[in-house]
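K.L.:
the following block contains a protein sequence and its predicted model.
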Amino acid sequence: MGVLTCAAAITYKPLQRVFFRQPIRGDLQSKAEVVISDSAELPRKSRHFHHNTFRFFHTIMSKRKAKDAHLPIGECINQVHQILRKRFCHQQLPDKPEGLEAQHKHLVELLKRTAVHGESNSVLIVGPRGAGKTMLLRSVLRDLSEETEVQKNLLQVHLNGLLQTDDRIALKEITRQLHLENVVGDRVFGSFAENLGFLLDALKKGDRSSSRPVLFVLDEFDLFAHHKNQTLLYNLFDVSQSAQAPLAVVGLTCRLDVLELLEKRVKSRFSHRQIHLLSTLTFSHYLDRVRAQLSLPDGFPDGKFVEEWNAAVTTLCEDKSVVEVLQRHYNSSKDFRSLHMLLMLCLSRVSVAKPAITPADLLDASRLCVADAKANMLHGLSILELCLIIAMKHLNDVYEGEPFNLQMVHNEFKKFLQRKSSSLYNFEQPVIMKAFEHLQQLELIRPADSSSAKTQREYQLMRLMLDHGQIMEALQKYPQCPTDIKQWAMSAFA
Amino acid sequence: MHQSAENETCAPAKSYPRKVVFSICAHIQQREMSPPEPVFVTPAGGGSEQSWMAGLLEHPGYDEERLRRVSEQLSCREVQAGLLLSLMGQPQQYCYPSLFIYGHRASGKSHVVNVFMKDLELPHVTVSCVECVSVALLFEKVLRSFFGCDAASLLPRSPSLSDFVRIYRQQSSQSPAKQTRYIVMEKAELLRDADVNLLPALLRLQELVKDNVSVILLSEIVWDKFRPNTGCFEPLLLHFPDYSKGELQQILSTDRHPSYSAEFYSSYINILLGVFYPVCRDLRELRHLAALNFSKFCEPVAAGKVKEMDTHKLWKNIEPHLKKAMQTVYLREVSSLQWEQMEEHESGALRGLSAHTHVELPYYSKFLLIAAYLASYNPARTDKRFFLKHHGKIRKTNFLKKNEKTSNHLLGPKPFPLDRLLAVFYSVVDSRVAPTASIFSQISSLVTLQLLTLVSHDDQLDTPKYKCAVSLDFISAISRTVNFDIVKYLYDFL
Amino acid sequence: MATSSFSRGCFVFKPSAKKKKMAVGLERYFTHGCEGSESSEVRFKICLDLWNKVKMETEALQDELNRNILDSLLEFTRKCSSTRDHSDWASQMRASEIPTAALVLGVNVPDHDMTFQSLSDLLRHSVTPHVASLQAKECAALKHLMKRVLERLMSTVVAVGDEEEEELQQTDTELQKSVHCSLTALCDWYISKTKKSSCSTPGKKRSSSVVDGQHQQPPVVIIFKDLEAFNPRVLQDFILICSRYIQRLPLMFIFGIATSPSTIQHMLPNSVSSLLCIELFQSLSCTQHLTTVIDKLILTSSFPFKLSGKVMQVLVSIFLYHDFSVRNFIKGLQLALLEHFHSQPLSSLCCRKNEARLNVQQLGPADLERIRQLPSFKRYLKEQEEQDNLMTDDAHLKDLCQKLIKDLHKYHKNYYPILRCLHCLTSSLPRYPLGKQIRELHLICLEKNVWESEDYQSAMKLLKMLAKDELISLLQTCAEVLQPVRSKKMKNALVQLEELLAKLKLLDAAAEVGPSVEENLTSPVRNLQKKTDLFQLQKMLLEMNESRRSKRMSPFEILRNEAVEFVDSLVKNHLSPPESKPLYEVCYYTSSATVRRHLNATPRTSIQAALSSPYSYIQELKERGNDRRMGSDSVLVVLVDQNQAVYCGVKFTLRLSANNSLKTEDGTVSNAAPDICIAYKLHLECGRLINLYDWLEAYSTVVSAAEGSNPDSDGFGKVDEVKHARFIRAVSELEFLGFIKATRKKTDHVARLTWGGC
């Protein structure tokens, strides 16, 4: 029932608020800019306002589409880039979490219980990289923040395992985000727990004895598990269990085995609540997602252009070759990020000259994405270096992957030269050495043991970091590759 | 080797004109087949393609005049530059959070990027990771060049990543980015040696600081070697392929000597490439070589013996000279200064660095070194045979095992304990030597001279292990001075 | 290379500002317990200024020797800094390289410091104020290297920005602002600096006067003193960084290389070394250096103090066999000097002639008695007839001493010129019968009468076969050697030589019969050069003599024989060994054993001696203690120089009373010996691994035997706490001395680190 009311709230409240503002606003064009102007770093409150105005304008403009003027094509393209880039590069939130509705609902429930009824909770959001963990959380928070009581009640602390690399820093950050620096002043605390406790107490409001609920968001949760004694985690979970203060701990991680990382005492305090984002979306959904990602919102100033564009996108997604490319991508990874990368590459080709994404663009983009970097690098090697690599390959074949040193490789190479008796590639040892060094620099070969400085360079044991296929592929692509070298590479016996 | 070198020198003299023709037509092919790299597809849609092949970058949001100036500086890199520009998009639009540009040394990575940054006057900072001995330097530099010195001064001593991000955030909230800010990091491979979190954090910096910033990483090493084991935000990969022979020709021909005609110089470059291209494709190296050998090349012309057009004679004149350069200049055995001086007064006898291998050592040090060499290249069990007066009738045949056919000089030196060294020493040195302190100190000083290397930890009580770090010809030179025939004592040469 | 430690004497000459006051204290130290302390002040004074003279000489020599290489180096730096702002096509093309001087100095690392010192001084004076020199041990990591460079150049405090520097930051005063440790900081500093200096600071007029052209852009020189010891990784990174700034900052490097330039190739990968423009500089070899030093210090009559053949031999062999360090050679000389003046009471006469006269007058009865006891003096007396009054009459003796000292000085005055003559005659002969180096010849002469030796004979024979032109040139060089010497003997020797030369010259002006004869005479010598084995040579000589006897001698041959005879006579007169001269002990320091013990210590052997036969040490201690009238600790000081370990060895012997019952028939363990000795002897009998318990048992039996408890009592050989404690102590001492060590393999066993045994 609570759900219903708040759902109503979502639809109802903002609208009226907007209506009140409506008369103050200028003409549409300016509004369009207001909407589009980057809302990322505005404070949450006003962002939420913006978001709603945004929606609101859609409705209005769909009404007025008939009489709104055509923008010049350049302007349109500009807008397209603006919007889509924000989507692909800046992870701008979609209006509704597609594909994750269940998790979204669950999380909203959970957090609301903390925010409104002051229950403590702890939950882990687990999913592969780019699966939309952060997006889910952020959209949940956005929706929560539309409730006034949540808004004025809930405090948020965002920590990131990449930044807060130990608990001392983390604690400082917490203090800062709770705006308690002046309260703490230069007080010294015996223990971490004491310090945290003090912070939470400091949040107690004057009138009520209940302290405000706090939401802790731990991004890269697994990194926090590497801190000394996992003090932070222990204390957070501990507080969240014992009802000292209403506290919700949300951890985001890409590690399925994250629980194994936790110490026993920490694990026992964690409510084993996990939300998994193992996306089970089918290819058809994937196609829809692509379309959704590419298509323009109907808030776009030039309605006609939008129609054309979106039509073009739909046709694109039905194109035969495109579909199979996407199929390949779908098989490799279903997450948002890789998709965004792909689409970004396509988008970058859109210009005034060609105001639409053609299948060719998508093909090229995918080719860029799946290109084998090592093969690319091999293409740039000199013939001498290539010869050395082939020699190494033979050595690997003969001694089944035992490490080798420069002397052996040179020896192998000499054997080849003697067989060919072509003095064309007959180089001094130092020249060979230089080529060898270059290969090492490119990390196509890598020292077998760590003690590299100790031994002479020509005797340092190395391993080849390429496999048979890569070498052969590179040989095929290699410009003006001499045939005898090709044959040598092909020859099974060294 | 020598005679082969000779017939090499005479062979191309006949085949020379053919060579020129061939390489030139190769050059033409290169220009025509529009994608030199199958991975690298020129964008479909005629107009833009024309513009790119014409080398004219065009993109809305930038000043045409500047773009023209830029594209003049980026010869043979139009495709990559165009792609990069289109990815960067208009100044105020978002760019992908992190780009990773890889390609061989001197394939124009940092050149292209820096030209963009400078001439388009984008807000940027360029950092070479070699210089960042501590992360503090990196942070300080970034903040200073984005927000000015006072922002940099906010950093605490030995700042953490979280401090950096915090300060960045508050600064950028005061002055939000009107244009995309770029952080260019050269030699990015060194980031892996820095703090573990640094690289992943940089890759998603945009998201962390909530600012329109994007990080461009430049490296010679493929991205696969960067990826941390728990994965991270994947950057957008861009490959800069190596210059084709034709492109090298074109580029090198641009910096011609003022007092000679362009085609004369380009024919010279053509010959140069003919010699060095199989070994080295590094533009910088080639440029260096070209600069050093040109005066020699145009010597006969200056003397008036040969016409500028008579390429055949010129080839005959320069070719052996270039061969010599291959062994000396290319390896930096002789400095460029010396090389030129040698050209002035025609003294063919020019000794490179590695020619001076002679080292004056005290008498006993010599024998210690010899003993070390024997100890590290002979199997321990053969000492009996070499150093005992009456070792019975041990023939090589029956103390040589079949599996040891791979010679020790291929495998390199083996470590040996101090006792063995001394034992061998006392048996090779002719007079009887008191084990004085100075004998031991000589051993340790041989270590500091890096003629020996200490492989195990340096503790006199725990018998230390050493390796001999000198080459065979070095040691045989040493042993000649004390007329000791070392080859008789080497297991490999029995 | 060889760390040579000295007995207390050497601390006298620690270079110190307040010499006066130091000297007094040290003089007391010197005189305290040296032989014949009555004349010690005089001797100390003489010793001191002799040493100062030596020091000055050597330093002058050093600069002299380094001059040309340093000059070329300076030239290089100037050229680099000047070509930088040239704008011709070629130099633009290589503008990106860092000019680098590879300075090859040889393996005698101890000698390098002086060279680098003078080098950096020269650079500061004449090329650039910005010079920083680095040592490997202070540059463990890149940031330390940077820190050092910046500090040395800018003379400010540099913040590296990590913890261990932090407290340093708090400590140092804030008036020097700490700079960030990056080359950009250096660049800014440099630009500001050059701006200032360009508007003519008075500070470096010298430099601006010397090199006005590029003084606007004086190069920044960074000296890597010991390249081999640097960590390659660090060096590479540093070079990479520098190469990024080379356009803004005129850097240049100087690599101090001990072994050979190819180490650069070994240390740096080509991608890095391609950033350098390396020029090579070879310093002259240390053997040449030594020869010059010997030439200036030893083979001259200006220093009254002389080394005997043996001592000389020791010093030279230490140089040639162990370390090529000239500095250590000088130190050896210093030691000998000190020991001589310290131990030889009559060394008060070892000074310049007229001072010696005075000192003779000062001689006390004791000294005179000593003189009478001198073996050389006795020998002299035997030759003289009237001795009685000499033995009694002091005045007479003094007069005689005057004379003898005078003769000694004369002897030296003549000895060295003739030595040089002989050397320059024989050094060019095939197969160097008298040695290539003059020091070898000198050694021969010091040992015995040269002219009685085989080699001398053969040398003379060879001389008798010289062709005319060779002979003339050699004689001329001899004449040049004799020229400056001012003593009447040498003067008329010179005269005779001139006459001979004149005759020879006349000869070819006169009868032209010569050539044909000379041809067939010169040829054998020529092809003698090729002959290598002695037998061949002798045969050749013989048949030549035959041939000569057969035919009548040409006038040239007569002259030649005359010349050789003349040389021979000179040698016989002047090159007699010093032992033959009376009172030579005054000037010659003879005890080579002391020098060897101090400079070429053998710690292991002396430890083992101390442990296996403690009585010898105790004897030594006792007698030293007696005649020196000193506490035993000072005896320890004497022994300390061998090794810290010996110290311990001796300490334990001291701990026991010095009863002489330690002497045993060899092999068996003397049960009265100190614990450590017993433990040592016992451990010699064990194998690679020693069971501690068995060891303890054996030990306790031995000790209880020492206590004289009767063997058949049941308490015999029981292990009580005291014995146990003593045993443990002994074992731990052995471990400290490095004879045994604990093993991980077996807990109750220890491993032997020495092999052999009884």
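P.N.:
Okay, I see it. None of the values given here were measured: they were computed from a predicted structure.

K.L.:
contacting residues around residue C:378?
P.N.:
Residue C:378 makes contact with residue C:372, according to Cβ atoms under 8 Å, 6 or more residues apart in numbering or on different chains. All C-beta spots, glycine's among them, are computed from the backbone N, C-alpha and C.

K.L.:
what's the helix or strand for it?
P.N.:
Secondary structure assignment for residue C:378, by DSSP states H and E: helix C:375-383.

K.L.:
and that helix, average pLDDT?
P.N.:
Average pLDDT, helix C:375-383: 86.

K.L.:
okay, buried residues for it please.
P.N.:
When burial is assessed from 16 or more other Cβ atoms under 10 Å in any protein chain shown, helix C:375-383 yields the following buried residues: C:376-377, C:380-381.

K.L.:
ok, so of the residues you listed, who is nearest chain A?
P.N.:
Comparing these against chain A with Cβ to the nearest Cβ picks out residue C:376 as the nearest, at 59.2 Å.

K.L.:
which non-adjacent residue is nearest that closest one?
P.N.:
Among residues not flanking residue C:376 along the chain, residue C:582 sits closest, at 4.9 Å (Cβ to Cβ, 6 or more residues apart in numbering or on different chains).

K.L.:
any idea of the pLDDT on that neighbour?
P.N.:
For residue C:582, pLDDT reads 86.

K.L.:
for residue A:221, same thing?
P.N.:
Listed pLDDT for residue A:221 reads 92.

K.L.:
just the one 3 residues further on next, same as before
P.N.:
Turning to residue A:224, the model gives it a pLDDT of 92.

K.L.:
so who does it touch?
P.N.:
Residue A:224 is in contact with A:159, A:161, A:164, A:170, A:218, A:230, A:232-233, A:251, counting by Cβ under 8 Å, 6+ apart.

K.L.:
check those residues against chain C, which are close?
P.N.:
Taking Cβ under 8 Å from any Cβ of the partner chain as the test, chain C is in contact with none of these.

K.L.:
who wins on neighbours among these?
P.N.:
Ranked by the number of neighbours (other Cβ atoms under 10 Å in any protein chain shown), the contacts of residue A:224 place residue A:164 first, at 28 neighbours.

K.L.:
next up, the contacts around residue B:238.
P.N.:
B:80, B:83-84, B:87, B:99-102.

K.L.:
three-state assignment of the residue most central in space within chain A?
P.N.:
Chain A has residue A:130 as the residue nearest its centroid, 4.5 Å off, counting by Cα atoms, centre = their mean. Under DSSP: H, G, I helix; E, B strand; the rest coil, residue A:130 falls in the coil class.

K.L.:
next one: residue A:290
P.N.:
Per three-state DSSP, residue A:290 ends up helix.

K.L.:
right, and it touches residue A:326 too?
P.N.:
Yes. Using Cβ atoms under 8 Å, residue A:290 is in contact with residue A:326, at 6.4 Å.

K.L.:
now do the shared contacts for the two.
P.N.:
With Cβ under 8 Å, 6+ apart as the test, residue A:290 and residue A:326 both reach residue A:317.

K.L.:
what's the nearest residue to the residue in the stretch 251-400 of chain B that chain A sits nearest to if we skip its chain neighbours?
P.N.:
Nearest residue of the stretch 251-400 of chain B to chain A: residue B:278, at 4.5 Å (Cβ to the nearest Cβ). Excluding the flanking residues, the one nearest residue B:278 by Cβ to Cβ, 6+ apart is residue A:383, at 4.5 Å.

K.L.:
check residue B:137 too.
P.N.:
residue C:182 (5.6 Å).

K.L.:
count the neighbours of that neighbour for me.
P.N.:
By other Cβ under 10 Å, 22 other residues sit near residue C:182.

K.L.:
thought it was touching residue C:146?
P.N.:
Yes. Residue C:182 lies in contact with residue C:146 (Cβ under 8 Å); the separation is 7.3 Å.

K.L.:
then the helix or strand residue A:388 falls within to PDB, C-alphas only?
P.N.:
Element membership for residue A:388, per DSSP H and E: helix A:383-398. Taking C-alpha atoms only, helix A:383-398 is exported to PDB below (Å, rounded to 0.1, in the frame of the first residue of the first chain):
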ATOM      1  CA  ILE A 383      61.700  -8.500 -40.700                       C
ATOM      2  CA  LEU A 384      64.600  -9.300 -38.400                       C
ATOM      3  CA  GLU A 385      62.400  -9.100 -35.400                       C
ATOM      4  CA  LEU A 386      59.800 -11.300 -37.100                       C
ATOM      5  CA  CYS A 387      62.600 -13.800 -37.900                       C
ATOM      6  CA  LEU A 388      63.500 -13.900 -34.200                       C
ATOM      7  CA  ILE A 389      59.900 -14.500 -33.300                       C
ATOM      8  CA  ILE A 390      59.700 -17.400 -35.700                       C
ATOM      9  CA  ALA A 391      62.900 -18.800 -34.300                       C
ATOM     10  CA  MET A 392      61.400 -18.600 -30.800                       C
ATOM     11  CA  LYS A 393      58.300 -20.300 -32.100                       C
ATOM     12  CA  HIS A 394      60.400 -23.200 -33.300                       C
ATOM     13  CA  LEU A 395      62.200 -23.400 -30.100                       C
ATOM     14  CA  ASN A 396      58.900 -23.500 -28.300                       C
ATOM     15  CA  ASP A 397      57.800 -26.300 -30.500                       C
ATOM     16  CA  VAL A 398      61.000 -28.300 -30.000                       C
END
